[in-house]
Each structure stands twice: as structure tokens, then as C-alpha cells.
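> Provide a 3D model corresponding to the input given below.
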Amino acid sequence: MSLRHCLSALCLSGLIAVPIAAQAAPKYSVTVVGVAGSSATGINNGGTVIGDFPSGGNTHGFVNSNGVITDLGTLGGANTFAAGINNAGKIVGRSDDGAGNTRAFLYVDGVMTDLGTLGGPNSRAEAINNRDDIVGSADVPPALGYSSAFLLRPGVLMQDLGRFEVPDPEGGSAAQDINDNRKIVGASVLGPYTPPESAFHAFLFECEEMKDLGTLGGQFSLAHAINIRGEIVGEASTPMLRKNRAFLYRKGVMKSLGTLPGGDFSSARDINDKGQVVGFSLAVPGEGRQRAFLYSGHMRDLNTLIDPALGWLLREANGINNSGQIAATGCNAGICFALRLDPLR
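As a prediction, this is how the structure comes out:
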């Protein structure tokens, strides 16, 4: 996953524009939850944050629960990446094994378990819901040569969710999130690659059917998250191509969330059950152009919602829980850390 100014209130009746940051008190406190070089990838409703950190030239997943940071370890290889956590604290992601493969894992109570594949060598888990259903993508038998979205329910064999029907046998699908109603989102290849971007569309999988969510006018879209109400967020290309916009898909309509001022790219990464959306956007050119955002009716730079005296530049936000706590990655004096933003009451 790639890490991707201050807004002004334009006063009416000829009044001078006044920077929001000069008027408003901070809305969030900032807590460091990872070591130097870490990034945050998710958060559950208890405020437990997961992420990744550098470890001896490699990368390891971690969990911070009640202020205690735990290295998740690996399946015998060099690297681990934490991707999803449910409210019981069960974690999923991907890890190198001792045979040079990458495998989806489930981490519970200090034990990491290999979740297997769909017949090929590699797999990766992206999300786990509160029913312990897990989704991600896994290689099918090598002769077919692609990966497919999967659903793994407790006590049931890994289910291949398929992909959109295309004449080209190459290219696959990947599931990114699942809600407690077992509605699954992700993306699937739709046809042969046609420059400058892939024919790859976001999907909603429900009732054993994969539904194409379309795009914002381009050839590419990817759904990252779905809440209990079935609202979906992600990113989709526009007719300009390769200028993706964060989207919110609700009641059959995909809506662009725009970008921060001066930006030409944005991506929505998570949505809570209240409809609050987080992600990142490019903003005006220059240092710190990639910035985390919060969308609740309109897109706001999260940097304008924290105390500027703290010195943080929030680069991206990858998770938001139902209390409004946000898992973010921010940099201070050139060093980046996994952070938790807590709403100030």
C-alpha cells in the first residue's frame, strides 16, 4: 500500500477569506502507537491499532493494545504485514513463510496460523469481520496463473469468489473488506489491459453474485471498505485516467468525494457505521503534498483538525472506528510513526 493546506473559509459579501485553522480549536488529540518508521493500517472499535514497522531490514506487523506494542512475528520468513482486525482483536494479513511464499494468516492470542490458498503458492488476507469471516485473495492452481478473491468462514473450506467473465484467462480478483452481513467488496479484472490503466472494476459480492460497481468515467476502480449499512468507499479513475478520486458508493450511485485543494488524486480507505470516511489526497504542490483526510459531508484535511504546534504532518488515514478514532500515519521532523487520533470531547 502506498503512503499518499490549510483550508480556507471563503466568506460571502466581499469579506476576506479567513483560514479555518486560525479560528477552530483542535478536534483530535494525537497518540503515537508505533515505533519510528511505522505505519498504521487499521483500528477496531476498542481503539486497538495494527500496522507495520521496520525490523532488521524487513517489515513486521504489529498490534498496539492498551499502549503495549506486540510484534506479530512471521510464518518463518522475513516479512509480515497486518491488514485487518476485528473487535475481538483477531488480526489478519500476509506473511512470508519459510519456503519463499507469501501466505494469508490469522493471528489470535499470540499464535499465527497459515490460512492456505486456493491451490497455488500464495495468498493474502485483507479483512476479518466480527463473525470471524476472512477475505482476501489467493493463487489458484499455477496452470491458470492468476489470483482470485476468497471468503474463508469458520469451519468451512476457502471459497473462490470468482471474477468478472472476461475472454483473457489472465488477471484475477481480490477481496478487500467484509461487513458483518457478509457483504464483500474488492475489485476484479474486467478485460485485457488497455494502456494507460487496467480494466479493473470494484465489486460488491452478495447473494453469491459479483456486482460491477463501475467507475467515475475511467477504466479502473477499487473498493477498499464497506460498513454495516452497505456503504462502500474506495478509489476510481475519471475520464482523465490515472487521476483517481475517492468515492462513496451508496444506493447504487458512485459519488466522487473530490480532492483536497489543488490536488489531482485521492483514495478513500475506510468508512465507519456513521458514514465517516478517511483516506488520503494530494493537495497543493510542494512539501507535504500527500495529506490524510476526513470526509463527513465534505472533505477536510486532517492536519487542520489537530494542534499545529505538535509538528505532525498526517500523510494518510487507513481506519476509522465507530467512536471516530482514526488510525493514521504521520511524520514529525522527517520521521514517520503510526498514530491514533482521538476525538476531543
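> now do the SS call for Leu204.
strand (DSSP: H, G, I helix; E, B strand; the rest coil).
> could you number the chain from 59 rather than 1 from now on?
Yes, from this point I'll number from 59; that puts the last item at Leu262.
> what's the closest non-adjacent residue to it?
Distances taken as CB to CB, 6 or more residues apart in numbering put Lys269 closest to Leu262, at 4.7 Å, once the chain neighbours are dropped. No exception for glycine: its C-beta is placed from N, CA and C like everyone else's.
> how much space between the one you found and Ser279?
Per CB to CB, to the nearest Å, Lys269 is found 12 Å from Ser279.
> ok, these two, which is more surrounded?
The neighbour comparison of Lys269 against Ser279 (other CB atoms under 10 Å) goes to Ser279, with 25 against 15.
> centre-most residue in this protein?
The centroid of the chain falls nearest to Arg327 when counting by CA atoms, centre = their mean (3.8 Å).
> can you confirm it is in a strand?
Yes: per three-state DSSP, Arg327 lies within a strand segment.
> okay but it is in contact with Ala281, surely?
No: assessed by CB atoms under 8 Å, Arg327 is found out of contact with Ala281, at 10.8 Å.
> shared neighbours of the two, anything?
Common neighbours of Arg327 and Ala281 are listed as Val291 (criterion: CB atoms under 8 Å, 6 or more residues apart in numbering).
> please, which helix or strand holds the residue nearest to Leu262?
Assigned by DSSP states H and E, Lys269 belongs to strand 267-270.
> who are the packing partners of that strand?
Counting by 3 or more CB pairs under 8 Å, 6 or more residues apart in numbering; DSSP states H and E, the packing neighbours recorded for strand 267-270 are strand 258-264.
> using PDB, write down the CA coordinates of the strand it packs on.
Extracted C-alpha coordinates of strand 258-264, given in PDB (Å, rounded to 0.1, in the frame of the first residue of the first chain):
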ATOM      1  CA  PHE A 258     -10.200  -3.400 -13.300                       C
ATOM      2  CA  HIS A 259     -13.500  -2.700 -11.600                       C
ATOM      3  CA  ALA A 260     -14.700  -2.500  -8.000                       C
ATOM      4  CA  PHE A 261     -17.200  -5.200  -7.000                       C
ATOM      5  CA  LEU A 262     -19.800  -6.000  -4.300                       C
ATOM      6  CA  PHE A 263     -20.300  -9.700  -3.700                       C
ATOM      7  CA  GLU A 264     -23.600 -10.700  -2.100                       C
END
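> what sits closest to Gly275 if chain neighbours are left out?
In space, Gly275 is closest to Pro297, 4.1 Å off (CB to CB, 6+ apart).
> ok, that neighbour to Arg349 distance?
For Pro297, the distance to Arg349 (CB to CB) stands at 25 Å.
> over to Asp238?
Asp238 is 31 Å from Arg349, where distance means CB to CB.
> the more surrounded of those two?
Set side by side, Asp238 and Arg349 show more neighbours around Arg349, with 26 against 14, by other CB under 10 Å.
> which other residues reach the helix or strand containing the more buried one?
Using DSSP H and E, Arg349 maps to strand 348-353. The contact list for strand 348-353, computed with CB under 8 Å, 6+ apart, reads 61-63, 304, 306, 315, 318, 324, 326, 334-341, 357-361, 363, 371-375, 378, 384, 386-388.
> now the buried members of those.
Burial by neighbour count, judged by 16 or more other CB atoms under 10 Å, picks out 62-63, 304, 306, 315, 318, 324, 326, 334-341, 357-361, 363, 371-375, 378, 384, 386-388 from these.
> any stretches of the stretch 209-358 of the chain with poor pLDDT?
Per-residue confidence for the stretch 209-358 of the chain (pLDDT under 70) gives these ranges: 224-228.
> repeat the analysis, applying 80 as the threshold.
In the predicted model, the stretch 209-358 of the chain carries pLDDT under 80 at residues 223-229, 250-256, 299-300, 344-345.
> which stretches in it count as helices?
Counting by DSSP state H, counting those that start in this stretch, no segments of the stretch 209-358 of the chain form helices.
> what comes up buried for stretch 308-325?
312, 314-318, 321, 323-325.
> in strands only, show me those residues.
Secondary structure assignment by DSSP state E places 312, 314, 324-325 of the buried residues of stretch 308-325 in strands.
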